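Undergrad: here is the input, now give the coordinates:
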Amino acid sequence: ADSYTIAFLTGVPGGDVKNHLQGDFVSVYVPTTPNPTSGFFLMMERSRVVELDMSVDAALKYIVSMGVVAPEQTPIKKTEGALPASTEQPT
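TA: Residues are numbered from 1 along each chain as shown. A predicted model of the protein is given here:
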C-alpha cells in the first residue's frame, strides 16, 4: 500500500549532495504533527512527488489539526501544453 504525506518543496539539492544523486531530485521538508517546527528534510525523485494546488496556510492548518481541518477542494485546472514551474535556484 502506498502512503502519502504533506511536504513543502524547498528547492533542489546542491553542493556535493548533487554530485551523488542520479536523476532529477527536489528537496522537501516534512513537518510533524502537531508541531510543524520539527520534521524531516528529504531529497526525493521529482517523479515521485505530487504537487498540490494548496496554500502554505491551508497545508499548515491540515498538519497542525492532524487532518481534522481539511483544505477546501479546488477544481482541477486543465493546462494543455503548459510546463511545470521550475524549482531551479539561481546560481
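
Undergrad: for the chain, which segments count as strands?
TA: Using DSSP state E, the strands found in the chain span residues 8-11, 25-31, 39-45.

Undergrad: closest one to residue 18 among those?
TA: Nearest to residue 18 among the strands of the chain is strand 25-31 (8.0 Å), distances taken as Cβ to Cβ. In short, each C-beta sits where N, CA and C put it, glycine included.

Undergrad: out of the strands of the chain, deepest packed?
TA: Across the strands of the chain, averaging neighbours per residue (mean count of other Cβ atoms under 10 Å) puts strand 25-31 on top, at a mean of 18.

Undergrad: give me the distance between the lengthiest helix in the chain and the centre of its chain.
TA: Longest helix in the chain, counting residues (DSSP state H): helix 56-64. Its chain's C-alpha centre and that of helix 56-64 lie 13 Å apart, by Cα atoms, centre = their mean, to the nearest Å.

Undergrad: what helices or strands is it leaning on?
TA: Packing partners of helix 56-64 (3 or more Cβ pairs under 8 Å, 6 or more residues apart in numbering; DSSP states H and E): none among the helices and strands.

Undergrad: kindly recompute the last result at 10 Å.
TA: If you count contacts as 3 or more Cβ pairs under 10 Å, 6 or more residues apart in numbering; DSSP states H and E, helix 56-64 packs onto strand 8-11, strand 25-31.

Undergrad: could I get the CA-only coordinates of that helix as CSV?
TA: Output of helix 56-64 as CSV, limited to C-alpha atoms (Å, rounded to 0.1, in the frame of the first residue of the first chain):
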residue,chain,number,x,y,z
VAL,A,56,1.1,27.0,2.7
ASP,A,57,-1.5,28.3,5.3
ALA,A,58,-4.0,25.6,4.3
ALA,A,59,-1.3,22.9,4.5
LEU,A,60,-0.2,24.0,7.9
LYS,A,61,-3.7,24.0,9.3
TYR,A,62,-4.2,20.5,7.9
ILE,A,63,-1.0,19.3,9.5
VAL,A,64,-1.4,21.0,12.9
